[in-house]
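Novice: Show me the folded form of this:
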Amino acid sequence: MNVIQKLSLSHIRLCSVLPNRSYCVQPAKQTVTTENDGVRTIVLNNPKTRNSLSVDMMTQLLKDIKRNRDDEQLRCIVLTASDGKVFSAGHNLKELTKDSGIDYHKLVFAKATELMLEILKSPVPVIAKVDGLAAAAGCQLIAACDLVVCTDRSSFSTPGASFGIFCSTPGIQVVRNIPKKKAAYMLFTGLPLSAQEALTAGLVSSCVVPDQLDAEVEKICNAIKTKSRAVVELGKKFYYEQQSMDIHVAYKYGEQVMVDNLALPDGQEGIRSFIEKRKPNWSHSRD
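Specialist: Down below sits the predicted model:
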């Protein structure tokens, strides 16, 4: 069976016809998505597999993140999980057996790369809301997000080597978030970081007790929503692009970005509102 056949089988409906009736069994929905006041919440919804990042799950996450991405009403995306004990345990190892074949293995990791980079390219900030374990590719997923808010009972690990699969691709994202020696500790030992250790290392943005998680995420979203979407989009793009640049190149590029920012309608509106001592009236326009 080739990779196309595998993908087709994973998405078809299973149907039967009985006397006087027929029925279809739909594949389990991988995510649940809601939108409220500019915030899109995407819930990983496959607790039976510990919210594993199967090809189906990653495909659905990509659709959820990309959908109406240029809608000016969209201001933040929050990724969270239905199972409080596990945000995501990483790739679905059943998809990585020898029987799946090399082409399918390539598809799994290519889809993961596409997902991580899509978060990077999202014009609005993507916030991971974590209350539990984020392991392997699940840790990669939270590390790819712009902000991470977790509870003090959460933990983060890259334990792949313990199962014969070194967390090479998860390590790409992790080492870009925390010091190299701490990343090496996670990758070579497989031992988890506690929530407090993750906060100290810089893997997460904020750590709170469980009953404050919703309020903390809401506070962050509300703060972002007071800004111009166009300005935040410009700033996010530059924030990531300049990180791989020589500092001299980054400054030269940054000079132009600042000039471009001033040319935005909301760049001038922000200055006027400051001078006039009033709240800005954002247009969110990039033109």
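Novice: Which residue ranges of the stretch 1-150 of the chain form strands?
Specialist: 14-18, 21-25, 31-36, 39-44, 76-81, 86-88, 126-130, 133-135, 147-151 (DSSP state E, counting those that start in this stretch).
Novice: Which of those sits closest to Ala263?
Specialist: Comparison of the strands of the stretch 1-150 of the chain against Ala263 by Cβ to Cβ identifies strand 76-81 as nearest, at 25.0 Å. (C-beta placed from N, C-alpha, C; glycine too.)
Novice: Find the nearest non-adjacent residue to Asp146, please.
Specialist: In this structure, Asp146 finds its nearest non-sequential neighbour in Pro125, 4.4 Å apart by Cβ to Cβ, 6 or more residues apart in numbering.
Novice: so which of the strands of the stretch 1-150 of the chain gets nearest Ser285?
Specialist: Closest to Ser285 of those is strand 76-81 (Cβ to Cβ; 18.8 Å).
Novice: so can I have a markdown table of the strands of the stretch 1-150 of the chain showing mean neighbour count, distance to Asp287 and mean pLDDT?
Specialist: Below are the strands of the stretch 1-150 of the chain laid out as a markdown table (neighbours: other Cβ atoms under 10 Å; distance: least, Cβ to Cβ, whole Å; pLDDT from 0 to 100):
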| stretch | mean neighbour count | distance to Asp287 | mean pLDDT |
| --- | --- | --- | --- |
| strand 14-18 | 9 | 49 | 39 |
| strand 21-25 | 9 | 46 | 38 |
| strand 31-36 | 14 | 25 | 96 |
| strand 39-44 | 22 | 24 | 98 |
| strand 76-81 | 24 | 22 | 98 |
| strand 86-88 | 26 | 38 | 97 |
| strand 126-130 | 26 | 25 | 99 |
| strand 133-135 | 27 | 39 | 98 |
| strand 147-151 | 24 | 28 | 99 |
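Novice: Mind putting these into a markdown table with distance to Gln256?
Specialist: Output for the strands of the stretch 1-150 of the chain, formatted as a markdown table (distance: least, Cβ to Cβ, whole Å):
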| stretch | distance to Gln256 |
| --- | --- |
| strand 14-18 | 55 |
| strand 21-25 | 55 |
| strand 31-36 | 34 |
| strand 39-44 | 31 |
| strand 76-81 | 27 |
| strand 86-88 | 38 |
| strand 126-130 | 26 |
| strand 133-135 | 37 |
| strand 147-151 | 26 |
